[in-house]
Each structure stands twice: as structure tokens, then as C-alpha cells.
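**Student:** Kindly return the folded structure for what I paste below:
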Amino acid sequence: MKRDLLTHFSFMLALFILIAVANHWFTLTYIVPFAVGGLIGTLLPDVDHFIYAYITSPTDLTSQRVAGLLSQRQFFKAWDLLVITRAERRELIFHTIYFQLIFWVFALLVITSSGSTLAQGIVTAFALHLLIDQVTDFMQTKNINNWFDKLNITLDIEQTRWYLIGNFITLIVFGFFI
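**Tutor:** Next up is the predicted model:
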């Protein structure tokens, strides 16, 4: 859990510092709401795992173990279990190409139309979290095909690399629209 959170928050911090410097945000009126949005956006995609455990597949063994740990108020152990068994969950909502495509459109609208740095921070961090999860999947399994399950698409290693590079470039471009 610590490593997972450290990875997500360190990349979020680096991206947010880059965006803040590029936009000349040197006052707390910009930095604080953007950072709070970043914290929220970094944690939100993990709600997907709890949706799976409680709604999508509550009879799954891991779901039952998570529910048991949470009922005993062992939040960190439950989070650790979700992190360790992340690859088992194939029916996640946020961790699919469908959701990601819809989310990119939503993120573009929020980033370009919203004057709220809180909202911009949330969508930027959310998109970064999904990208980090894809890179993690790729590093562990050499593919991200679980993200494309509903489309019956299989990407080879080269296509996956280009897909991840495209997501990274999109994230950076959106970051500079803020």
C-alpha cells in the first residue's frame, strides 16, 4: 500500500509542480485548491476497487476478505489486499478503455471550461492515476489487455507502448491547458 500511494502521490506532485511553475502559480489561491483537487483525484480511481468488492462482485473471495477487514476497521490491511490482488479484478468500471475515453472528453471540458482549479486538479490527478495504473500493469504483465477486455482488442507490446505514450502526451497537453 505504501509503495502504491508513494508512486501515485510522487508522480502527482511532480506533475503538479510542473503545471504550477508553467502557469506561474506562486500564490496559495491557486496552489491550495489545485493540490487538494490532486489529492482527491489521486484517491478517486481506487474507489473502483471498493465498488467491485461491494457492488459488482461481493461474492468474490477477495471481496469478502476486504469486507471482513473493513468491518474490523482494518482499513490499511484492506487497502493492502486490494493492491496485492489488483490483477484479479477484471470487471472494474474506471479501469477500462471505455471509461478512459469518456473521461478524456470530460477532462478536456473541465480543464478548458472550468475556472475551478479544484476541479482541474481532480481531473488531472485522476487521469494521471489511470495512466500510472496502466504503466504498472504493463510493467508487471507486459500488456494492458485487461483494459480492453470489453472491446476484444489485444495490443502487442509495441502498440501498448504507443498507447501509453499517447496517454502521457495527452495528459501533458491537457496539463498545459490549465
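**Student:** hey, where'd the helices end up in this structure?
**Tutor:** Using DSSP state H, the helices assigned to the chain run over residues 2-22, 28-43, 47-51, 61-71, 75-84, 97-113, 117-141, 157-177.
**Student:** OK, contacts around the nearest residue to Gly175 once chain neighbours are set aside?
**Tutor:** The shortest distance from Gly175 to any non-neighbouring residue, by CB to CB, 6 or more residues apart in numbering, is to Ile19 (4.9 Å). Every C-beta, even on glycine, is put in place using the N, C-alpha and C of the backbone. Ile19 makes contacts with 25, 34, 124, 175-176, 178, as judged by CB atoms under 8 Å, 6 or more residues apart in numbering.
**Student:** Out of these, which comes closest to Ser57?
**Tutor:** Thr124 (30.0 Å; CB to CB).
**Student:** Show me the shaky parts of this structure.
**Tutor:** Within the chain, the stretches with pLDDT under 70 are 1.
**Student:** Just give me the residue closest to the centre of it.
**Tutor:** His129 (2.6 Å; CA atoms, centre = their mean).
**Student:** Can you verify my assumption that that residue contacts His8?
**Tutor:** Yes. With contact defined as CB atoms under 8 Å, His129 reaches His8; the gap is 5.8 Å.
**Student:** how far away is Ala87 from Leu128?
**Tutor:** 20 Å (CB to CB, to the nearest Å).
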